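**Q** Here is the input, now give the coordinates:
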Amino acid sequence: VKKMEHTKVPLLKKFSRSIIQINRVLKCDVPRLQVTVHGAAELPRMDQFTGRCDPYCLLDVGAHWKQHRVRSQTLVVYNTYTPSWDETFSFHLSDYSPTKPVEVNFTIMDWDQVGEHDFVGEVTIDLRADVHECMESKQEVRVGPKWLNLKKDERHVRGHRKRISKIKVSFKIFPPVSTHKLEHKASHLDRDTLHALMTKPAAEFNASQLHAAGATTPGQPTPDPPLSLEE
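**A** As a prediction, the model looks like this:
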């Protein structure tokens, strides 16, 4: 690619990025779950000598998340009882079935510089009814924000002020991407244009062909197209 003329390079770049977009859409023929971990409150004191608590949150998603983990993790917030994360994670529910639970497990851990990290508490929520609603209506479904109580050994976790420890989360559930969106993403690069791109010298392309392929003329910057599933 580096040896090609100036005009061909942005054309090939745009084509390759379009292929990436199409591949992402192809992987989204199942419902998609977006989880936002906002923060926690009333966490217990975990470090007896060096401070309060250094919490981070682990997320596990799926019908059988204990056996087949799809794990994500927030950043560590140091020396606090009320961490604020505001981090968002996306998951493809590839094993979705109306008869199976769609469980999301939140586990809060206390980070330690030496030794193993300490378990603070956890909570699991089942979103099966919400995902089913999304699939039936073919519309985005939002849940929360809501506070969930943390538990340890089947008992509520109590914080430094003897109040129940909680985590604040919210969810967005998206239906599978329809076929017409996939066709729309590929429509601007037809077979003849791609063949000409790979075989013709750049000088033989006229302005209308360059515009149809989504390229710019030599000397103009070529902005990268956004990689978004919400187009």
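**Q** Quick check, Pro175 in contact with Glu133.
**A** No - between Pro175 and Glu133 there is no contact, the gap being 10.2 Å when judged by C-beta atoms under 8 Å. Heads up, the C-betas are built off the backbone N, CA and C, glycines and all.
**Q** All the strands of the protein, residue numbers only.
**A** Per DSSP state E, the chain carries strands over the ranges 32-41, 55-62, 71-73, 84-92, 103-110, 118-126, 141-149, 151-152, 155-156, 166-174.
**Q** Pick out the shakiest of those, pLDDT-wise.
**A** Lowest mean pLDDT within the strands of the chain: strand 71-73, a mean of 86.
**Q** Just the buried residues of it, please?
**A** Under the neighbour-count criterion of 16 or more other C-beta atoms under 10 Å, strand 71-73 has Ser72 buried.
**Q** Name the residue in Pro175 and Glu133 with the higher neighbour count.
**A** Pro175 (18 against 14; other C-beta atoms under 10 Å).
**Q** Find the nearest non-adjacent residue to the more buried one, please.
**A** Using C-beta to C-beta, 6 or more residues apart in numbering and skipping residues adjacent in sequence, the residue nearest Pro175 is Lys138, 4.8 Å away.
**Q** And for the one you found, the neighbour number?
**A** 10.
**Q** and what of Val114?
**A** 4.
**Q** still on that earlier bit, could you dump the strands of the chain to TSV with distance to Phe49?
**A** Listed next are those as TSV, based on distance: least, C-beta to C-beta, whole Å:
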stretch	distance to Phe49
strand 32-41	22
strand 55-62	17
strand 71-73	26
strand 84-92	25
strand 103-110	13
strand 118-126	14
strand 141-149	28
strand 151-152	22
strand 155-156	26
strand 166-174	26
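**Q** Out of the ones you listed, the one nearest Asp47 is which?
**A** Nearest to Asp47 among the strands of the chain is strand 103-110 (7.3 Å), distances taken as C-beta to C-beta.
**Q** which stretches of this structure form helices?
**A** Listed in chain order, the helices of the chain (DSSP state H) span 8-26, 128-137, 179-186, 191-199, 207-212.
**Q** pLDDT on the first one, on average?
**A** Right, helix 8-26. Helix 8-26 comes out at a mean pLDDT of 54.
**Q** same check, this time on the third one
**A** Mean pLDDT, taken over the full extent of helix 179-186, equals 48.
**Q** Just give me the neighbour total for the nearest residue to His160 once chain neighbours are set aside.
**A** Closest residue to His160 apart from its sequence neighbours, by C-beta to C-beta, 6+ apart: Arg45 at 4.9 Å. By the criterion of other C-beta under 10 Å, Arg45 has 12 neighbours.
**Q** do the same with the one 4 residues further on
**A** Other residues near Phe49 come to 4 when the count uses other C-beta under 10 Å.
**Q** Would you quantify the distance from it to Glu133?
**A** 49 Å (C-beta to C-beta, to the nearest Å).
**Q** cool, Leu33 as well?
**A** From Leu33 to Glu133 the distance is 13 Å (C-beta to C-beta).
**Q** Thr36 now?
**A** Distance, Thr36 to Glu133, by C-beta to C-beta: 19 Å.
**Q** And for the residue nearest to Leu33 when sequence neighbours are not counted, the neighbour number?
**A** Using C-beta to C-beta, 6+ apart and skipping residues adjacent in sequence, the residue nearest Leu33 is Phe91, 4.7 Å away. Using other C-beta under 10 Å, Phe91 has 18 other residues around it.
**Q** thinking Phe91 is in contact with Arg32, fair?
**A** Yes - between Phe91 and Arg32 there is a contact at 7.1 Å, judged by C-beta under 8 Å.
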